[in-house]
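Trainee: whatever this is, show me its structure:
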Amino acid sequence: MAHPLAHPHDPYNPGFQQEEPDPEFAEFSENSLLNIAVTLCPNCKKRCQSAEEIIEHLNGEESCWPENLTNGSMLAVLQALQRLPEQTNISVKYHPTSGYHYLLPDQPRLRNMFQEMQDHPLQQARETNIWYPFDGPGEWSLAKFLVENLSQMQIDKFLKLDWFQMRERLQFKSKDELFFYMQQLPCHRPKWQCTKLRLKGYESEQPIHLIWRDRLEVTKQLFANPIYAKHMCYDPHYIYQGQERQIGEFWTSDDAWEIQISSCTVNQLPEGVTIVPIIAASDKTPVTRHMGGLEMHPLFLTIGNIQADCMDLVCSNLKIAACVSEYMVDPSARMCYCFTPLISHIADLPEQLMITCLCDRVDPWDLIVFLREAKKLHLSGVHLPYWRNWRHSNPARFLTPEILHTLHKFFFDHVLKWIKQIMGHELDVRFKSHHKRTGVHHFSGGVSHVNQMTGREHRDIQCTIVPMLWGMASPGFICAVWAMIDFIYLAQNPLHTESSIASMNQALKDFHDNKQATLDAEARQGKGGAKDDFFIPKLELMQSFAHAISHVGSLMQWTADRDFVLQITHILDWEETIRQFDLYTLLSSSLSTPGQDPLINAVIMEDEEITSTTETDPAFAWVSNTNTATQLCLQAPRPVRNHFLKGIVSGNARIAFNVTVKADHNRLSVSQLQSLYDIADLSYALHHYATRNSCTLPGQVLFNTWVKFRLQLHSTFHTCRIMPSQQIHADPPSTNFPRGNCDTVLYNWMVDGGSDESRVTQVRIIFQPTLPRGSRAQVPECLSQVLVYVQHFDFVAPGPEPSTGMWMVRRSYARYPPQSDRVIRRGTIIPLTDITHAVEIIPVYQGPLGRDVNSGNSQEVFDNYFLNNFTDKELYHSLSVMSEN
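Mentor: So this is what the prediction gives:
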């Protein structure tokens, strides 16, 4: 009798037929999971007929479970949290019986993924040449380039060039020899397979081929990968900041705790089992290399003509492990007893509907009749969802809200269209005139003519869209747009609390309270004219966000001919082999410290601080710490430079600044500096700063100046994570920038009583006093640091403007000289280290914009501005906290 998880008991199941193995596909089809007849005990490998029989075996009198396995032989698991020492209000409650490491009697030496690669038959040859069968690193890099970039025909042509006749021949002389050598490389991975499928009532012009590999084996490979050793978590836990609970990744959610409990109470599994959450994803994938630009649906998709049995084929062992568990070796080469619940399937709305649709009125294997009847009921035609017999799989839970399609695409498909309808050409005029800042997308051609955009461009428009509406749209419409952007930003928080979830719900409520303004302005248009409804499925899905966050954690973590079939399986194998062999050779050639095996893990966080590159590519972090000289051999995101190590650090050590060693202008006098930057009161500001700090300005003082500096912060959500630095410009006046290209910042100003308050200011000059060569005088300590001359803005009101949620600021003026009638922009000098954030201000537009306003002067010709709290998510959170305080 077949195992129920491999062959579900269903009256329609006989309609699915697997053809007899084709000799050309024998390598891929002879071990098909559809032929599984028994299930093995994960401990003693006893053959059982069902998952229930295994559980009875483990709990019975003749159980193979070791009697001497007690808590004393279980290894503690490192904490998954990284917090700063001063955060004493953070507390954690771990699940008491989760994530054990097992020490089994007579257990052989365990090895992780890369240690397994050392058992390759050619390992002895690699002791003298780690690149064997290639001659060395040069030949390996050439072989890798050829396989990754050229077709087989192009490789043959390349290897036959006369150029090779005049040089030492390569080890491989043809494409066949090259790919034979590639097959000799050590690679610990599940093999790709191919199965030909045939559906009753559906005859296709080309055979239907399923390209797949066992997902349980893939899960084991990921679980044993030492690259992720510092990025692993094994225990459900609750995090509290004071009395308020924080919800971040899945392990901090309600579902993680509930699944861990039910593993023993429902599944009756032994104490200490480890959750290995399974995450699926769905999306179309273009295949352009070697394939003539075809479009594929990867195997893990349940869409279109891929039937549920295909997912059964791939996931059957995962379903069994979800019931009876399976031993897996973790990255530190320790044994865990793991079970595999399905906790997320990332897909857009149409694919989610396909995953959940069911129908039993007609024979689903009579495809044409079935689809006809399904369409009458508005069903997609899926009758055997792959999750139907997977423990802990509930589509109401694992179909997690998806940020890209539900939020960003909703904004582009609906909100932005409403804005275009109201503002017309003026929207493009304002985007074109937007002040250019380094690191911020500038839409120099406007946004109205763009029919398709990437998710990043959607986000870039969201950053500035709210203040762009001022003076053209009604307050109600502006408030509705602001509320939607507010909801989008809050939904993307990597950490949630009860109060942040309440704020997110309130933002969605504010949108619904003000959405009538959209209909009043006839901004929601259809083919027949203005619409009077909001029947938008994605808008309705937003109601489920708060519920999903509490159950599965932060939504940002869930953000898819026969020669062709043979080629695609080989290409997938080759690419993974190349990646693993690259890491293997780099680490094998590194000089590790005595007693330390580089194949275990060597990631050491400097002062426990993490840069964003180590977050996005743990492989890069691992190699950079074990063999720094070879890290450039890997492809990875551009590394984030840690300015806290060698830069200028603020008094509280939470902000780092960087200026170049060589200044842009050297040894300028006060008059030269004043003339270069067109600052009338610079000399007065210098003496005022010296007097305020009880020091005297030397008579022959000169100045070195810079046109930019970098500012680097810690994340407001993950306080041990260092964010990419931001560049702040202070360029002198030029043809393109008549008043200079100067960015705005927040800085701390000490008010009466000793308290600090944040103020908005524009950086005009970045400078440092120095003395002429040979001078014996000394610059006072208060003047020896890097200083900035800034011009101020005042807050217009004690709170944000009601319809935009943004603070309004007004340029500040003062008399100069103090007793005269002349009025100039008010400026002062402050230390560079008083600056706390880079910010963006956007003009308070009053009607259509004049032609004389452009990106070079828009930050100079207005007096009133909005302080844009949507510039980025980190600043958004910081300004929200400041507003609350």
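Trainee: from V790, how far off is S669?
Mentor: S669 is 21 Å from V790, where distance means CB to CB, to the nearest Å. Placement of C-beta: from N, CA and C, glycine included.
Trainee: ugh, typo on my part, it should be I239
Mentor: To V790, I239 is 39 Å away according to CB to CB.
Trainee: give me the more crowded residue out of the two.
Mentor: V790 (26 against 19; other CB atoms under 10 Å).
Trainee: and the host helix or strand of that one, which residues are buried?
Mentor: V790 is part of strand 787-795, with elements assigned from DSSP states H and E. For strand 787-795, a neighbour-count test (16 or more other CB atoms under 10 Å) marks 787-793, 795 as buried.
Trainee: and if you look at stretch 427-445?
Mentor: For stretch 427-445, by 16+ other CB under 10 Å, it's 427-437, 443.
Trainee: and the contacts of it?
Mentor: Contact with stretch 427-445 is made by 419-420, 446-449, 456-457, 460-461, 463-464, 468, 708, 726-727, 729, 741, 743, 840, 842, 845, 848-849, 853-855, 858-859, 871, as judged by CB atoms under 8 Å, 6 or more residues apart in numbering.
Trainee: just the buried residues of those.
Mentor: Buried among the contacts of stretch 427-445 (16+ other CB under 10 Å): 419-420, 447-448, 457, 460-461, 463-464, 468, 708, 726, 729, 741, 743, 840, 842, 845, 849, 853-855, 858-859, 871.
Trainee: can you map out the strands along the stretch 51-200 of the chain?
Mentor: With DSSP state E, counting those that start in this stretch, the ranges of strands along the stretch 51-200 of the chain come out as 90-94, 193-199.
Trainee: can I get these in a markdown table including distance to W131, mean pLDDT and mean neighbour count?
Mentor: Putting these into a markdown table (distance: least, CB to CB, whole Å; pLDDT from 0 to 100; neighbours: other CB atoms under 10 Å) gives the following:
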| stretch | distance to W131 | mean pLDDT | mean neighbour count |
| --- | --- | --- | --- |
| strand 90-94 | 44 | 79 | 14 |
| strand 193-199 | 29 | 73 | 19 |
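Trainee: got those strands as TSV, with distance to W390 columns?
Mentor: Output for these, formatted as TSV (distance: least, CB to CB, whole Å):
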stretch	distance to W390
strand 90-94	27
strand 193-199	21
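Trainee: nearest to G805, out of those strands?
Mentor: strand 90-94 (29.2 Å; CB to CB).
Trainee: hey, C-alpha coordinates of the closest one in PDB?
Mentor: Backbone C-alpha positions of strand 90-94 (Å, rounded to 0.1, in the frame of the first residue of the first chain) are rendered in PDB as follows:
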ATOM      1  CA  ILE A  90      14.800  44.200  26.200                       C
ATOM      2  CA  SER A  91      13.800  40.800  27.500                       C
ATOM      3  CA  VAL A  92      13.300  37.400  25.700                       C
ATOM      4  CA  LYS A  93      11.200  34.400  26.500                       C
ATOM      5  CA  TYR A  94      12.400  31.200  24.700                       C
END
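Trainee: what's that strand packed up against?
Mentor: strand 237-241 (3 or more CB pairs under 8 Å, 6 or more residues apart in numbering; DSSP states H and E).
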